[in-house]
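S.K.: need coordinates for the following:
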Amino acid sequence: MGRRRGKGAGTTYFHKGSGRWCAELSVGFDHHGKPLRVRAYHKTRREAEAWLAEQAALYHKGLLADPSKLTVGEWAEQWLERKSREIRANTLDAYRRELGYALPALGHLPLQKVTPSHVRALLDDLAKRYSYRTVRWVRQKLHVLFEEALSLEIIHRNPVTPVKLKAARGQGQSKTKRPAPWKYTKPPPCLPPSTATRTAVLR
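M.R.: Residues are numbered from 1 along each chain as shown. Below you'll find the predicted structure:
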């Protein structure tokens, strides 16, 4: 049986379909009056409640972003932050470098608005300047990034999945310099509030 709390505190319940504990928090309403929620699935009730408490604290401080406005760049930074606690520093550096090829083009886009055509255009452009191996790793990292957003129900489908790669015949190693490991930078303070960065932490 789920455990419900007071207003703004969210709820946790056992999700039979996944066999995991779901934590869910309402973060307001969209322009149609439909409730907006953030949710995540965890192996235990304790993990779900810990995540929910963290999200509720962020929400009451005004630091939890509307999922519909979360950008690819913001989501990537959150994902990399979680990965920093799971993997070695040199591996994290490689993740940042691989995402560094993609995020200058995709980072400003709302996570929920990215389509397969965006991904296709990006990979086609990279293929003109980098090796097939490099482009393949970029695609793989993007797929993992969006797959986690899909599992947390922030997006409804992974836009990378339908985009396939095929090595061009006789393609050689590109001599183009690799970008430095990507780091998220907030917009300048002079931007209007509607475009200012807001941070959400989702697990």
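
S.K.: nearest residue to the most centrally placed residue in the chain in space, please, no chain neighbours.
M.R.: The centroid of the chain falls nearest to residue 75 when counting by C-alpha atoms, centre = their mean (3.4 Å). For residue 75, ignoring the flanking residues on the chain, the nearest one in space by C-beta to C-beta, 6 or more residues apart in numbering is residue 111 at 5.1 Å. C-beta coordinates here come from the backbone N, C-alpha and C atoms, glycine included.

S.K.: same question for residue 119.
M.R.: Nearest in space to residue 119, with sequence neighbours left out and distances taken as C-beta to C-beta, 6+ apart, is residue 163 at 4.6 Å.

S.K.: by contact count, what packs against the longest strand seen in the chain?
M.R.: In terms of residue count, the longest strand belonging to the chain (DSSP state E) is strand 20-29. On a contact count with 3 or more C-beta pairs under 8 Å, 6 or more residues apart in numbering; DSSP states H and E, strand 20-29 meets strand 11-15, strand 35-42, helix 45-60.

S.K.: next, the angle strand 20-29 makes with the last one.
M.R.: Taking axes from the mean of the first three to the mean of the last three C-alpha atoms, to 10 degrees, helix 45-60 and strand 20-29 form an angle of 10 degrees between their directions.

S.K.: check which element follows helix 45-60 along the chain.
M.R.: Per DSSP states H and E, helix 45-60 leads on to helix 72-83 as the next helix or strand towards the C-terminus.

S.K.: quick one: low-confidence residue ranges for the protein.
M.R.: Along the chain, segments meeting pLDDT under 70 span 1-9, 29-33, 62-66, 169-203.

S.K.: and residue 19, what are its phi and psi?
M.R.: With angles defined as degrees, to the nearest 10, residue 19 sits at phi 70, psi 20.

S.K.: start at 55 instead
M.R.: Happy to do that; since the first residue is 55 now, the last one works out to residue 73.

S.K.: so how far is the helix ranked longest in the chain from its chain's centroid?
M.R.: Counting by DSSP state H, the longest helix found in the chain is helix 186-205. Relative to its chain's centre, helix 186-205 lies at 11 Å (C-alpha atoms, centre = their mean, to the nearest Å).
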